[in-house]
Each structure stands twice: as C-alpha cells, then as structure tokens.
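> Build me a structure from this.
(one chain, ligands or ions: 1)
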Amino acid sequence: MRLVLVGPPGAGKGTQAQFVASHLAVVQISTGDIFRANVSQGTPLGKQAKEYMDAGDLVPDEVTVAMVKDRLGEPDVKTGFLLDGFPRTVPQAGQLDDILSEFGTKLDVVMELVVDDSEVIRRLSGRRTCRSCGHIWHVDFDPPTKEGVCDNCAGELFQRDDDQPATIQHRLEVYYEQTAPLVGYYAERGILVGIDAMGPVDDVTERASAALRRFTHS
Ligand code: AP5
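Residues are numbered from 1 along each chain as shown. All right, here's what the predicted structure looks like:
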C-alpha cells in the first residue's frame, strides 16, 4: 500500500499516521520530522530548512523533493509507505508521480483529514512531542501522566517552535493557498478519500481504517 495523508496543520496527520502505518505494516515518512531531525543535528539541509519552518513557510520544492526521492529509494520502502506532509504543492505531487513511475510504482490512495480551523488552533496550541520517540501528546486531549514526560519512553516533551499563535495562523494560510489544491488534483485521479477528522483520536482512526478497507476492497 502506498498512501499519502493530506490535511491542514494540526489535522492529526502525524497522530493517525502512527496508527495507520503500523496497521498496514508500512514505513511512515514525515517530511516535517525529517526536516526537524536535520535542524536539531545542524546539518546543511537543516540549516537550509530552518528559516522557512520557523516562519511557517514551505521549504522550497527542489530541496524537499530531492530529500523525499532519496528516502523513497531506501530498501524499507519497497513494501509500501505512508507519506505524511508530502506532497504539499501541486508541483511536488507531479514530481512524486514522476519519481514513483521511475521506481515502477504509483500511489494507491490519498487520505484527506478534514477539520475546522478553530480545532486546528486548539490542537496545535496544546501539542507536545517526545524528543526521544517522537510520540505526539496533547496537554488537554491526550495528556501524559506526568507533565513534560513521555509515558512511552520517559523522554522529554517539547513544544514545536512553529506552534506559536501567529505562526499557526500563517501555516493555515499557506495550507489553503498552496496545499489545498492537491485535493482536486487527487480527486481527478480517483484516489482521494476524505475523512471527517473532528472528534476523538480513536473515532478518527476508526473512520480512517473503515475508509481504507472500503477503498482496498472496491
Ligand atoms: P509538518 O511537521 O508536516 O507540519 P504540519 O503539516 O503543519 O502538520 P503538523 O505536524 O503541525 O500537524 P499534524 O496534522 O501532523 O497533527 P498532529 O497529529 O501532530 O511540517 C512542518 C514544516 O516543515 C512546514 O511548515 C514546512 O516548513 C516544512 N515542510 C514539511 N513538509 C514539507 C513539504 N512537503 N514541502 C515543503 N515544506 C515542508 O496533531 C496535532 C495535535 O492535535 C497533537 O497534540 C495531537 O495529540 C492532537 N490531536 C490529533 N488528533 C486529535 C483528535 N482527533 N482530537 C484531539 N486532539 C487531536
């Protein structure tokens, strides 16, 4: 299964990706996570990406596409993948089609997580991420037992720099302008599935699993 998750910042892509990728036994590839790892390691790629990420802007397509192409060439991707946060522009989507066709394959399904802007702001303002295992928590909706500490691995929880109110608002604008057109792009190709991503995490996971079952059996 080769799957893409698309949706506004804070829609729950990372949260659902963890369940869906493990359920389908495919590797999860998050461009945001790869960029953040490079920023924290101070690599040349991280230095290039940081100013865009801090501002809530997209990293230029040529940088992002080259990084994804490298990742998709690795052996663990052969049996399938879940892309979280890529593609994010129509040119990126076209280049993904080209890369996959070069590798002799194509996307099976694109899942759109649909949420209100007000919910996005609530979710992002309270998000906390584990520095060690990457697990995503929320101070109100999914709080860890001990504040600031991951239940899974006892790692330190941190708040992302781009989760400040002004940056969240800008990221939403960038989403509607540059990423939302992907919905039409994939609908035209008959591989788009829309999911109501409001409500509790488990309900969204159930809707996503049911939609995937319907899609793969149709
Ligand atoms: P990226 O990391 O991809 O950020 P994003 O798309 O803005 O998405 P988020 O990670 O903020 O949200 P999410 O949908 O994953 O939500 P989550 O599951 O965490 O990208 C960051 C930056 O990197 C970009 O701005 C850009 O600069 C750069 N970048 C990345 N990819 C790029 C690309 N392809 N091209 C160019 N630049 C790129 O959930 C959010 C919170 O809500 C959590 O606390 C969670 O616990 C909670 N939550 C989740 N679901 C629910 C629910 N159902 N109910 C209640 N709470 C919930």
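> The longest helix along the chain close to the ligand?
If you go by DSSP state H, the chain has its longest helix at helix 201-217. Yes. With C-beta under 6 Å from any ligand atom as the measure, helix 201-217 is seen reaching the ligand through V201, V204. For every residue, glycine as well, the C-beta is placed using N, CA and C.
> List the buried residues in that helix.
By neighbour count on 16 or more other C-beta atoms under 10 Å, the buried set for helix 201-217 is V201, V204, T205, R207, A208, S209, A211, L212, F215.
> same check, this time on stretch 82-90
By 16+ other C-beta under 10 Å, the buried positions in stretch 82-90 come out as L82, L83, D84, G85, F86, P87, R88, T89.
> can you check stretch 1-10 too?
Quick answer for stretch 1-10 (16+ other C-beta under 10 Å): M1, R2, L3, V4, L5, V6, G7, P8, P9, G10.
> Equivalent analysis for stretch 140-154, please.
Buried, per 16+ other C-beta under 10 Å, within stretch 140-154: D142, P144, C150.
> of those residues, closest to the ligand?
Of all the buried residues of stretch 140-154, the ligand sits closest to D142, with 4.7 Å by C-beta to the nearest ligand atom.
> With pLDDT as extra columns, can I get the buried residues of helix 201-217 in CSV?
Shown next, in CSV, are the buried residues of helix 201-217 (pLDDT from 0 to 100):
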residue, pLDDT
V201, 94
V204, 97
T205, 96
R207, 96
A208, 95
S209, 93
A211, 92
L212, 89
F215, 74
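> Strands along the protein, start to end?
Counting by DSSP state E, the chain has these strands, from start to end: 2-6, 27-30, 81-84, 109-114, 127-130, 136-138, 157-158, 192-196.
> Pick out the residue in the protein sitting closest to the ligand.
Residue of the chain nearest the ligand, by C-beta to the nearest ligand atom: G32 (1.9 Å).
> Which residue, other than its chain neighbours, is closest to that residue?
G85 (4.7 Å; C-beta to C-beta, 6 or more residues apart in numbering).
> Verify the stated contact: that neighbour with T31.
Yes. At 4.4 Å, G85 and T31 qualify as touching, with contact defined as C-beta atoms under 8 Å.
> Write out the residues of this structure neighbouring the ligand.
For the chain, the contact set with the ligand under C-beta under 6 Å from any ligand atom comprises 7, 9-15, 31-32, 35, 52-53, 56-59, 64, 85-86, 88, 92, 123-124, 126-127, 136-138, 141-142, 162, 171, 200-201, 204.
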